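A.B. asks: Structure here, sequence nowhere to be found:
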């Protein structure tokens, strides 16, 4: 969370100055007039883009504090408006002054020509303190020693006062009505590029007057800046043609090095209240009434604080919510309009229903146990053993699904469901999966594959063993069935010892007699097994 105080400043000096196309009837009503030089700048001249003045948009609420029409000077960065007494660097806004007109020669003399001192005329200043008897504008003829003023019918010789259509003056050095055309050509090989918003402004766009940028004259600033250099009317900084120069996110780049169609995906992020789950979009904040302000690229607080763009100022808490990882202002975070929902699983299953979702949308998550496992519970952002579970897609959602081994024994064969399904692959609902007469556990203990029937082999060996003489070897690899005795087990590592399942004891086989002879270790006695013939 970042905090700073915004100072109240006249908004017109810090907002984008836009030209407002006014009806033709407006053009002649007010002009910019310099009391010192008698220079006149008309509305049409301003609209031509050939002066260092910009007309403030009367419909823009940021300029509501001005009396319109109002003009902003890009030279001395002040506003002259239509209110009484408004003056900036000797400039006022007034009705177009009348010019001297000779009805015989059709000659016009403008106030600026008279001020230059090359005529027989001089201008009488309108100073209320002098209680002047003249109606201004008023001119004194040094030859006739008479005054020609604004009184109806006033005339000196063939001279009267007449409305004059002041022409648009060609650009000069930028110190008065004009603005140097040096460096304004559209062949400038760099563009203005915002490294944060990815916006691109071309020299042609600047020249059209449709932006809040001005191209500075190399003639006026030959050494101060590396040209081309641009001045911003909104944040009052100059961006010059240096790779290291970045002002409020803006720098100069060669057009081949930037994508004119690129956008910053972070601008799509929304403000999200983690408690109320309220969402504020950037367009809603721009519209006003939310209690938040959008901070411009490269904004620096009055305490020197910088912020990760995009950033937003809270007018109640005076804190800033920016795009840095984990930043929180009150209960608000900056979030993408779509969020990723995932679940962590240690072992034993999967979770379906995860993925990317619109912020605040409803998501159904299902825990799917693997064979031999059972779902235990959820932990993290959601808890409990309910499955499936419904959640709301919010940022930084972290959920874990826990599974446990299924220790039940559904078929009662002595193997747990986990052992049957996850370890041996047998049927947890059937005690003898392969149907060969041995239970799954008996086959597991004997090292046999409980999923493959050994019945045919067992029957064959049992029949052979029961019909052969004493010299025959009853050896087989694993379990076999001996009629009259039951199940017997041996293998190449145990033989001639055999395990007798019916008595749970070991037998020792001795050949060489008329009948197979065994020593029974359980009863500690010799025994013979009759042939089945």
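C.D. replies: Looks like it came in fine. These numbers come from a predicted model, not from an experiment.

A.B. asks: Which stretches in the stretch 101-250 of the chain count as helices?
C.D. replies: 111-115, 203-207 (DSSP state H, counting those that start in this stretch).

A.B. asks: Touching the first one from outside, list them.
C.D. replies: This means helix 111-115. Surrounding helix 111-115, the residues in contact under the criterion C-beta atoms under 8 Å, 6 or more residues apart in numbering are 33, 37-40, 97, 99-100, 119, 121-123, 137, 139. Yep, even glycine has a C-beta here, placed from its N, CA and C like the rest.

A.B. asks: ok, how many other residues are close to the residue lying closest to residue 427 once chain neighbours are set aside?
C.D. replies: In space, residue 427 comes closest to residue 433 once its chain neighbours are excluded; the distance is 4.5 Å by C-beta to C-beta, 6 or more residues apart in numbering. Residues lying near residue 433 (other C-beta atoms under 10 Å) number 25.

A.B. asks: ok, residue 333 - contacts?
C.D. replies: By C-beta under 8 Å, 6+ apart, the contact list for residue 333 reads 271, 272, 274, 321, 327, 395, 396.

A.B. asks: and what of residue 346?
C.D. replies: Residue 346 neighbours (C-beta under 8 Å, 6+ apart): 400, 402, 403.

A.B. asks: Might one say that residue 366 is in contact with residue 386?
C.D. replies: No: using C-beta atoms under 8 Å, residue 366 is not in contact with residue 386; the gap is 10.7 Å.

A.B. asks: helix/strand/coil for the most centrally placed residue in the chain?
C.D. replies: Nearest residue to the geometric centre of the chain (C-alpha atoms, centre = their mean): residue 266, 1.5 Å. Here residue 266 is helix, with the state taken from DSSP: H, G, I helix; E, B strand; the rest coil.

A.B. asks: same thing with the one 5 residues further on?
C.D. replies: At residue 271 the chain is in strand, as set by three-state DSSP.

A.B. asks: number of nearby residues for it?
C.D. replies: 21.

A.B. asks: Who is it paired with across the strands?
C.D. replies: residue 280, residue 334 (DSSP bridges).

A.B. asks: before we move on, back to that, could I get the helices of the stretch 101-250 of the chain as TSV with distance to residue 362, mean pLDDT and mean neighbour count?
C.D. replies: Listed next are these as TSV, based on distance: least, C-beta to C-beta, whole Å; pLDDT from 0 to 100; neighbours: other C-beta atoms under 10 Å:
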stretch	distance to residue 362	mean pLDDT	mean neighbour count
helix 111-115	73	87	19
helix 203-207	45	86	18
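
A.B. asks: Among the ones you listed, single out whichever gets nearest to residue 298.
C.D. replies: Set against residue 298 and scored by C-beta to C-beta, the helices of the stretch 101-250 of the chain come closest in helix 203-207, at 19.0 Å.

A.B. asks: What ranges in the stretch 51-200 of the chain fall below the confidence cut-off?
C.D. replies: Applying pLDDT under 70 to the stretch 51-200 of the chain flags residues 126-132, 168-188.

A.B. asks: which residues in it form strands?
C.D. replies: Secondary structure of the stretch 51-200 of the chain (DSSP state E, counting those that start in this stretch): strands at 53-55, 71-73, 79-80, 91-94, 99-102, 107-109, 121-124, 138-141, 146-148, 159-162, 191-194, 200-201.

A.B. asks: So for residue 447, which of those sits nearest?
C.D. replies: strand 191-194 (73.5 Å).

A.B. asks: Summarise which helices and strands the closest one is packed against.
C.D. replies: Contact here means 3 or more C-beta pairs under 8 Å, 6 or more residues apart in numbering; DSSP states H and E; on that basis strand 191-194 packs against strand 200-201, strand 250-253.

A.B. asks: just those: most buried one?
C.D. replies: With neighbours taken as mean count of other C-beta atoms under 10 Å, the helices and strands packed on strand 191-194 reach their highest mean count in strand 250-253, at a mean of 20.

A.B. asks: possible to save the helices of the stretch 101-250 of the chain as JSON lines with distance to residue 249?
C.D. replies: Listed next are the helices of the stretch 101-250 of the chain as JSON lines, based on distance: least, C-beta to C-beta, whole Å:
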{"stretch": "helix 111-115", "distance to residue 249": "42"}
{"stretch": "helix 203-207", "distance to residue 249": "17"}
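
A.B. asks: which one of the ones you listed lies closest to residue 525?
C.D. replies: Once the helices of the stretch 101-250 of the chain are compared by C-beta to C-beta, helix 203-207 is nearest, at 111.6 Å.

A.B. asks: Below-threshold pLDDT in this structure: ranges please.
C.D. replies: Residues of the chain that meet the cut-off, pLDDT under 70, sit at 1-28, 126-132, 168-188, 446, 454-477, 483-484, 492, 511-516, 529-533.

A.B. asks: per-domain residue ranges of it.
C.D. replies: As assigned by automatic domain parsing, the chain contains the domains 11-94, 99-162, 191-257, 265-335, 338-405, 455-528.

A.B. asks: Output these in a markdown table, with distance to residue 443 appended to each entry.
C.D. replies: Shown next, in a markdown table, are these (distance: least, C-beta to C-beta, whole Å):
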| stretch | distance to residue 443 |
| --- | --- |
| domain 11-94 | 84 |
| domain 99-162 | 115 |
| domain 191-257 | 69 |
| domain 265-335 | 57 |
| domain 338-405 | 18 |
| domain 455-528 | 8 |
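
A.B. asks: between these, which one is nearest to residue 428?
C.D. replies: That would be domain 338-405 among those, by C-beta to C-beta, at 8.2 Å.

A.B. asks: thinking again about what came up before, export the strands of the stretch 51-200 of the chain to a markdown table and tack on distance to residue 239?
C.D. replies: Formatted as a markdown table, these follow (distance: least, C-beta to C-beta, whole Å):
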| stretch | distance to residue 239 |
| --- | --- |
| strand 53-55 | 18 |
| strand 71-73 | 19 |
| strand 79-80 | 23 |
| strand 91-94 | 27 |
| strand 99-102 | 42 |
| strand 107-109 | 43 |
| strand 121-124 | 42 |
| strand 138-141 | 47 |
| strand 146-148 | 51 |
| strand 159-162 | 46 |
| strand 191-194 | 7 |
| strand 200-201 | 10 |
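
A.B. asks: Could you say which one of those strands comes nearest to residue 495?
C.D. replies: strand 191-194 (86.9 Å).

A.B. asks: Tell me which strands the closest one pairs with, and in which orientation.
C.D. replies: In the sheet, strand 191-194 lines up with strand 200-201 (antiparallel), strand 250-253 (antiparallel) (DSSP bridges).

A.B. asks: Let me have those in TSV, extended by distance to residue 440.
C.D. replies: TSV is the format used below for the strands paired with strand 191-194 (distance: least, C-beta to C-beta, whole Å):
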stretch	distance to residue 440
strand 200-201	73
strand 250-253	73
